[in-house]
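Peer 1: sequence? don't have it. structure:
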C-alpha cells in the first residue's frame, strides 16, 4: 500500500446525509437510492464524480452512530435542492488509496492495520471520504475509487 499524501483545500459539497452504525450496509444503499435520482438537480457541480463521506464524532468508537453523506462537489453553494443540504469539507492532509473491487472493508482494514501503524501518521479528526469517478462501476469487481483518509504527523 503506497498512498499518495496530499493537502486538500476546503471543498463545498451538496448532498444527502443519514446516520448509521458500523456494518449497516443497508443504510448506505438506502441513502444512495434516495440521492441518485436527484443528483441532476444539483447546480454548479465541479465534475461528474460522486463523493461518499463519513463524519465520525470519535473515530474508532464504532459503537456510536456516525453520519454518512452521498454528495457532489460544487463551485458555489446556492439553490440547494429540496431534501438536500450543504457541507463544507475542511482543508487538510489526506492519504489517498486506490481501492479496486467492491470489498471496501478489506481495503480499510489493511489501511488501518498495515499501513497506518508503519506510516509516521495518525488519523486526524476530519471526515473520511471516497471519490467515485469514471472508473467506478457499482457492483463490479473491476470498479475503482479513491479512499481519502485524514491524517496528521505522529
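Peer 2: Received the coordinates, thanks. Values in this document were obtained by computation on a predicted structure and should not be read as measured data.

Peer 1: Give me the helices and strands touching the helix or strand of the chain with the lowest mean pLDDT, please.
Peer 2: In the chain, no helix or strand scores lower on mean pLDDT, DSSP states H and E than helix 104-110, which sits at a mean of 89. For helix 104-110, the elements it packs on are strand 144-153, judged by 3 or more CB pairs under 8 Å, 6 or more residues apart in numbering; DSSP states H and E. C-beta here means a position set from N, CA and C on the backbone, and glycine is covered the same way.

Peer 1: For the residue positioned nearest the centre of the chain, name its beta-bridge partners.
Peer 2: In the chain, the residue lying closest to the centroid (CA atoms, centre = their mean) is residue 129, at 1.8 Å. Residues in a beta bridge with residue 129, per DSSP bridges, are residue 53, residue 148.

Peer 1: What residues of stretch 18-36 count as buried?
Peer 2: 18, 20, 28, 31, 32, 35 (16 or more other CB atoms under 10 Å).

Peer 1: Any idea how far apart the tips of that stretch sit?
Peer 2: 14 Å (CA to CA, to the nearest Å).

Peer 1: what do you get for stretch 37-51?
Peer 2: Termini of stretch 37-51 sit 15 Å apart (CA to CA).
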